[in-house]
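Undergrad: predicted model and sequence follow; I will ask about them next.
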Amino acid sequence: MSVKIRLQRHGKKGKPFYWVVAADARSKRDGKYLEKLGTYNPNTNPATIDLDLNAAVKWLHNGAQPTDTARAILSYKGALLKHHLDGGVKKGALTQEQAEAKLAKWLEEKTGKVTAKSEGLAKSKADVKAAALKAEKEKNEARIAAAKQAEADLIAAAQAEEAAAQASTEEAVADADEAPVAEAETPAAEEGNEEAQA
C-alpha cells in the first residue's frame, strides 16, 4: 500500500480549510485517512499552519510521498529538513545534537521571517488606516470651511438685502417728505386762483 501525505478539504464554499493527512493513495480526497498530521488555513495572511513535526517525519521515514502542496507545507514547517538531517545521522555524517542544533537554528530563522512579515503587514495596514483617517479629516475640515463660507455669504446677502430695503425706505420717506410740501403749495395756489376768480 502506497501512502500519500496530502490535503483534505474542509470548511465552506469560498473559505477552504485543509487537514494535512497521511492516507492511502487509493482513497478519496476527503475520504478515509490513516493519520491527521495537522491543519492548513490559507484564509489568514500569512497562512496558518499547524503541523505535528514528529508524526510527519515518521511517515516520511516510512516512505510516504507528499503531494506538491503538502511538500511545500512540510518544507515550510521544517519536516523535510528534519527528515534530511535524520538521514545524515543514520549515515554517521553528523551527530544527533548537531542535527537538532541545525534544525533549531533554521526554525528560529523561519520564525523570525514569519514574524517580520506579520509585523510588516500590520504596519502597512495601520499606515493605510492612518492615511484614510487623515484624508477623512481633511475632507471634514474642507466641508466645515465650505459650510462656514456659505453661512457667511448668506449673512452678507441678508445684510445687503436689509441695507437695500433700508435705503429704499429712506428714499420713500424722503419722497414722502417732499411730496407734502408740493401738495401744500398746490392748495394755496388754488386758493389764490379762487380768490382771483371771485
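TA: On my side now, so go ahead.

Undergrad: ok, the residue nearest to residue 66 when sequence neighbours are not counted - contacts?
TA: The shortest distance from residue 66 to any non-neighbouring residue, by C-beta to C-beta, 6 or more residues apart in numbering, is to residue 5 (4.1 Å). C-beta here means a position set from N, CA and C on the backbone, and glycine is covered the same way. By C-beta atoms under 8 Å, 6 or more residues apart in numbering, the contact set of residue 5 is 20-22, 37, 56, 59-60, 64-67, 70, 74.

Undergrad: residue 5 in helix, strand or coil?
TA: strand (DSSP: H, G, I helix; E, B strand; the rest coil).

Undergrad: so which of the contacts of residue 5 belong to helices?
TA: 56, 59, 60, 70, 74 (DSSP state H).

Undergrad: ok now do the second one, which residues does it touch?
TA: Contacts here follow C-beta under 8 Å, 6+ apart; on that basis residue 59 touches 3, 5, 22, 35, 37.

Undergrad: for the fourth one, give its distance to residue 16.
TA: To tie it back to what came earlier, the one meant is residue 35. Per C-beta to C-beta, to the nearest Å, residue 35 is found 21 Å from residue 16.

Undergrad: quick one on the thing from earlier: tabulate the contacts of residue 5 in TSV, adding columns for pLDDT and distance to residue 125.
TA: Formatted as TSV, the contacts of residue 5 follow (pLDDT from 0 to 100; distance: C-beta to C-beta, whole Å):
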residue	pLDDT	distance to residue 125
20	94	29
21	94	34
22	93	37
37	93	32
56	92	32
59	92	38
60	92	37
64	91	39
65	93	39
66	93	33
67	92	33
70	92	30
74	91	30
